[in-house]
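Peer 1: fold the following.
(2 chains)
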2 protein chains.
Amino acid sequence: MDEERDKRILLAHGGGGRLMGSLIATKILPRFANATLGQLADAAAVKVGDTSVLFTTDSFVVKPLFFHGGDIGKLAVCGTVNDLAVAGARPVALSLALIIEEGFEMALLEKILDSAAEAAREAGVEIVAGDTKVVERGAADGIFINTAGIGTRIADLSMKHIEAGDAIIINGAIGDHGMAIMSQRKGIEFDSPIQSDCAALSPLTCAILEGTDGVRFMRDATRGGVAAVLNEIAAGARHDIELVETQLPVNAAVQAAADMLGFDVLDIANEGKVIIVVSQASAAAVLETCRAHALGRQAAVIGRVLEAADDEAIVEMATVIGGRRVVQMPYGRELPRIC
Amino acid sequence: MDEERDKRILLAHGGGGRLMGSLIATKILPRFANATLGQLADAAAVKVGDTSVLFTTDSFVVKPLFFHGGDIGKLAVCGTVNDLAVAGARPVALSLALIIEEGFEMALLEKILDSAAEAAREAGVEIVAGDTKVVERGAADGIFINTAGIGTRIADLSMKHIEAGDAIIINGAIGDHGMAIMSQRKGIEFDSPIQSDCAALSPLTCAILEGTDGVRFMRDATRGGVAAVLNEIAAGARHDIELVETQLPVNAAVQAAADMLGFDVLDIANEGKVIIVVSQASAAAVLETCRAHALGRQAAVIGRVLEAADDEAIVEMATVIGGRRVVQMPYGRELPRIC
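Peer 2: Have a look, this model is predicted:
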């Protein structure tokens, strides 16, 4: 028994991997037991009057605050828009709450707010509620942002709808956000720097859901990367997943940086990538919709759902060199403060 | 021109007073210009399908995390419940997002989560969405919590409905939360310690709104205290407000602590106090409903709305000693991290 792990919060408790899953399952869910929270969906469906409202929240603690391809303001809007989008909602409105360290530069705050406003405009959502707190120097690290969001449901997606034979699609190359942040933190320079893929996915997901039947489930691959999402799907749907390494879109610079730093691109966070589980019959149509969209040019079918061979469903990858390996749930300490 | 104030964030920017108002008016609102946010209501009314959903958010950075009468978990739930309640909503669901400092004691986290869960149960809301982030030691101060909330509208309240002659009611004694926190921070001991009034107001506000017509507007008196809320009302309604000092409920220990530390109780934060503006005709009924409720035993009519004597509406207090003084909007640096 790991005493330190049980008595104190570790960075990995926030990493989106196994340790975070255990914290949520053992410390959080039992206290707030209700059917909605227990679903652990990207957004919760709440009845308000007769309407089903989708509702979600995320805090953002990314470091550095400004990175190639975005900043914490853009990220805070896109992240919550994406949680609504992948839950099958059209995002409607967001809240934006700031925790700012005393002494933070006003000019940086203004840049961050500009980015958030621009991202909201692009995603077609309004920021309708806010809050500002300031803490003393040293009590926070620059600025933290929380966004919550509400949206209107356009499709009923659930892991429970997933069937053996379904195709697994991703809308583009993986690992860009995580490696953009990580290479900046480590001071690694490339001729053309790796850009975060940070983007609001709702224009794409709404196009998919309105144009095609057969989408079972979607989830954006943020902390914990594609590996975490596929493991969550396997466990939730009780089906094995087969991933085909040669089909995985990865930008060359990202692969190089990951290799150099000793990361598996499957574990690396994305901020504009969605895993779409879709019936075999609709896979081609979804792929076509993706590729016709600016957010899905590099979309690919990267695997499929199989009957579980065993009691415990697993994710297995057919590797480039012709082998097979199990893709595990990341532990969660790969990249603290990635989002 | 105060250069430091313009270039860097100060503690007072988060204090709920004038400087925060200026930050919001000049840096935030122009960037997110929309009709809903511009109303600066305690909760925003958002159309989701055909339903009007009330939506709000607050972050909590209170120090110390545990105080007489509550802790950050209880406060985070009550604070957002109250923003919905005073906006005329029945709270339905909350999100809960944690930013935790690496090394934070698991046992303390569990106590905080227990308090949040208990407060949610008492307020009759479900916590349906969450998020957990962990930052390195020194990058935060223990734990920060954001809650957002959604609710269903039961009354249409607005400063615009306020008329000269309306009564101003408060549901009980003022300054308890702020002085509980402050006396703990300063290490001041009382025979019986000052207890925070931290409580979910929705059971009381729903009882008032369902039992009485004539309520024009409500706001909870948190950061900036009663002084801030009354000044916001005066400015928003364009009416003067007359406050009667002898009618103000203040607990003796709170008054003693405020005097000792040099605070005006009017500026001190509350976490279970609501200012109710109600027509003269309905004032007695509202007062009766309050006094019949556990959250309103010490309720009192503390003043009334007058025609504005001048272009700029003001709050004026008839003092104990028979004078009159203007009650100003607090600057905002009275009590950092009070909530």
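
Peer 1: confirm for me that residue A:60 is in contact with residue A:141.
Peer 2: No - counting by CB atoms under 8 Å, residue A:60 does not reach residue A:141; the two are 11.9 Å apart. (Glycine included, C-beta is placed from N, CA and C.)

Peer 1: would you map the strands across chain A?
Peer 2: In chain A, the strands defined using DSSP state E lie at A:44-48, A:51-60, A:66-67, A:70-71, A:89-101, A:126-135, A:143-153, A:167-170, A:215-220, A:239-244, A:274-278, A:300-307, A:315-318, A:324-326.

Peer 1: possible to save those as TSV with distance to residue B:254, mean pLDDT and mean neighbour count?
Peer 2: Output for these, formatted as TSV (distance: least, CB to CB, whole Å; pLDDT from 0 to 100; neighbours: other CB atoms under 10 Å in any protein chain shown):
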stretch	distance to residue B:254	mean pLDDT	mean neighbour count
strand A:44-48	38	93	21
strand A:51-60	34	95	25
strand A:66-67	45	98	20
strand A:70-71	43	98	23
strand A:89-101	28	97	26
strand A:126-135	24	95	24
strand A:143-153	32	97	27
strand A:167-170	59	98	25
strand A:215-220	49	98	24
strand A:239-244	60	98	21
strand A:274-278	53	98	27
strand A:300-307	62	98	20
strand A:315-318	59	97	20
strand A:324-326	62	97	11
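
Peer 1: possible to save those strands as TSV with distance to chain B?
Peer 2: Shown next, in TSV, are the strands of chain A (distance: least, CB to the nearest CB, whole Å):
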stretch	distance to chain B
strand A:44-48	4
strand A:51-60	4
strand A:66-67	17
strand A:70-71	14
strand A:89-101	4
strand A:126-135	3
strand A:143-153	3
strand A:167-170	23
strand A:215-220	14
strand A:239-244	25
strand A:274-278	18
strand A:300-307	27
strand A:315-318	23
strand A:324-326	26
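
Peer 1: out of these, which is closest to residue B:248?
Peer 2: Among the strands of chain A, the nearest to residue B:248 by CB to CB is strand A:126-135 (27.6 Å).

Peer 1: paired strands for that closest one, with orientation please.
Peer 2: Paired neighbours of strand A:126-135 in the sheet (DSSP bridges): strand A:89-101 (parallel).

Peer 1: chain center to the partner strand, what's the gap?
Peer 2: Put simply, strand A:89-101 sits 16 Å off its chain's centre (CA atoms, centre = their mean, to the nearest Å).

Peer 1: kindly export it (C-alpha atoms) in PDB.
Peer 2: Only the C-alpha atoms of strand A:89-101 are listed here, as PDB (Å, rounded to 0.1, in the frame of the first residue of the first chain):
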ATOM      1  CA  ALA A  89     -24.800  19.200 -27.400                       C
ATOM      2  CA  ARG A  90     -24.800  22.500 -29.200                       C
ATOM      3  CA  PRO A  91     -23.000  24.800 -26.700                       C
ATOM      4  CA  VAL A  92     -25.100  27.900 -25.800                       C
ATOM      5  CA  ALA A  93     -23.400  29.800 -23.000                       C
ATOM      6  CA  LEU A  94     -20.300  29.800 -20.800                       C
ATOM      7  CA  SER A  95     -19.300  31.200 -17.500                       C
ATOM      8  CA  LEU A  96     -15.700  32.500 -17.000                       C
ATOM      9  CA  ALA A  97     -14.200  32.700 -13.500                       C
ATOM     10  CA  LEU A  98     -10.700  34.100 -12.900                       C
ATOM     11  CA  ILE A  99      -8.400  33.500 -10.000                       C
ATOM     12  CA  ILE A 100      -5.500  36.000 -10.400                       C
ATOM     13  CA  GLU A 101      -2.300  36.400  -8.500                       C
END
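
Peer 1: and it with strand A:143-153, angle?
Peer 2: For strand A:89-101 against strand A:143-153, the angle between stretch directions is 170 degrees (axes from the mean of the first three to the mean of the last three CA atoms, to 10 degrees).

Peer 1: give me the domain ranges for chain A.
Peer 2: What automatic domain parsing lists as the domains of chain A is A:34-153, A:159-326.

Peer 1: which residues of the stretch 201-339 of chain A score low on pLDDT?
Peer 2: A:333-334 (pLDDT under 70).

Peer 1: go again using 80 as the cut-off
Peer 2: Low-confidence segments of the stretch 201-339 of chain A (pLDDT under 80): A:332-335.

Peer 1: ok, how many other residues are close to the residue of it found nearest chain B?
Peer 2: Of all residues in the stretch 201-339 of chain A, residue A:337 sits closest to chain B, at 6.1 Å by CB to the nearest CB. Neighbour count for residue A:337, taken as other CB atoms under 10 Å in any protein chain shown: 20.
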